[in-house]
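Sharing a model prediction with you, sequence too.
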Amino acid sequence: RDNYPFGMVAVPLADVVEIHASSGTTGNPVVGAYTQNDMDVWAELMARSLYAAGVRREDVMQNAYGYGLFTGGLGFHYGAQKIGTTIIPISGGMTQRQIKLMKDLGSTILCCTPSYALYIAEVMAKEGINPRKDLNLKLGLFEAEPWSEKIRERIQNELGIEAFDIYGLTELCGPGVSVECPEHNGLHIWEDHFLIETVDPKTGDVLPAGEEGELVFTTLTKTGLPILRFRTRDISVVETERCDCGRTHSRMMRIRGRSDDMMIIRGVNMFPSQIEYALLGLPELAAQY
């Protein structure tokens, strides 16, 4: 933020072909500057991520992430385009229209924030639409906000789809840093493009694999705005054993919380996500409020 807008760009601005940015709600936005190489790499990473979750050329992907400076919409778009998947670039909002096009155009993949997926399910229920009978949806990829296993259960139960977690940050490339495979046992990190470390959030000391700590990423192939040892504030565990799917990448387990969100109550570390998990165990409560 102190180097906003181009203070950390590592190439002449004439070589920057696209710019994305965070919302800037807490100050200057974080700017992502992409060279053509970065765009090609990003499309490859997103194509890998979508394919790992089960997206194929014959699918119809309803992309309900916002298009624009936010990396979500265009990141998913570029990846699906590289696979050859049919894309409906509908962006967010207009929920009744979303549902109509899902039905009329035969959408098989839904990409949006997890809270919006639950809202779509709520509107479907009000309109008497049974997604298992009336739609062709089979899976969804959700990110851009924290979501727990309880949220996943609700999305899967209410939309009748398989829900996949995908991870990314504006500072690194946007979505496409890691993704779940159908084993749902952590998110595969594309280690030929990102070096992953786990550190003690207080001291910064590097922790061994399998210990919970703050995720730190170094970009290995970015040329426009490479990042060295970026502290994400995200708390997770990195596992290095081979996944049952056959992939050998390290896997980051579901984010448990953020280091700057952690509370210490009577000597016990606690994250808001743990409170959410407990509350969502009550079926009387709605998920997205």
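Here it is on my side, so go on.

Give me the mean pLDDT for stretch 113-127.
Here stretch 113-127 scores 94 as its mean pLDDT.

Buried residues, it. List them.
Within stretch 113-127, the residues scored as buried using 16 or more other C-beta atoms under 10 Å are 113-121, 124. Every C-beta, even on glycine, is put in place using the N, C-alpha and C of the backbone.

Run through the stretch 151-289 of the chain and note the low-pLDDT ranges.
Counting by pLDDT under 70, the stretch 151-289 of the chain contains low-confidence residues at 287-289.

can you do 80?
Within the stretch 151-289 of the chain, the segments meeting pLDDT under 80 span 257-264, 267-274, 276-277, 280-281, 283, 286-289.

Start from the N-terminal end of it and give the strands.
With strands called from DSSP state E, counting those that start in this stretch, the stretch 151-289 of the chain shows them at 162-169, 174-180, 187-189, 194-199, 213-219, 230-236, 238-239, 251-252, 257-258, 263-265, 268-270.

Pairing partners for the third one, with directions?
The one in question is strand 187-189. When pairing is defined by DSSP bridges, strand 187-189 lines up against strand 174-180 (antiparallel), strand 251-252 (antiparallel).

what comes into contact with the last one?
Where contact means C-beta atoms under 8 Å, 6 or more residues apart in numbering, the residues beyond strand 251-252 that reach it are 167, 178, 185-189, 196, 215, 236-240, 243.

Over to the first one?
Among residues not part of strand 174-180, those counted as contacts by C-beta under 8 Å, 6+ apart are 20, 32, 42, 45-46, 48-50, 52-53, 71-72, 74-76, 79, 141, 143-144, 164-169, 186-190, 194, 217, 251-252.

could you redo the last one with a cut-off of 6 Å?
Identification of contacts with strand 174-180 by C-beta atoms under 6 Å, 6 or more residues apart in numbering yields 45-46, 49, 52, 71, 75, 143, 164-168, 187-189, 194, 252.

ditto for stretch 85-98
Contact with stretch 85-98 is made by 55, 57, 59-64, 66-67, 77, 80, 105, 120, 123, as judged by C-beta under 6 Å, 6+ apart.

next one: that stretch to chain centre, how far?
18 Å (C-alpha atoms, centre = their mean, to the nearest Å).

follow-up on the earlier one: the contacts of strand 174-180, buried ones only, as a ChimeraX selection?
Selection of the buried residues among the contacts of strand 174-180 in ChimeraX, burial being defined by 16+ other C-beta under 10 Å:
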select :45,46,49,52,71,75,143,164,165,166,167,168,187,188,189,194,252
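
one step back: and of the strands of the stretch 151-289 of the chain, who's closest to V206?
strand 194-199 (5.6 Å; C-beta to C-beta).

quick one: contacts of the closest one?
Contacting residues not belonging to strand 194-199 are listed as 177, 189, 206-207, 213-214, 216-218, 238, 250 [C-beta under 6 Å, 6+ apart].
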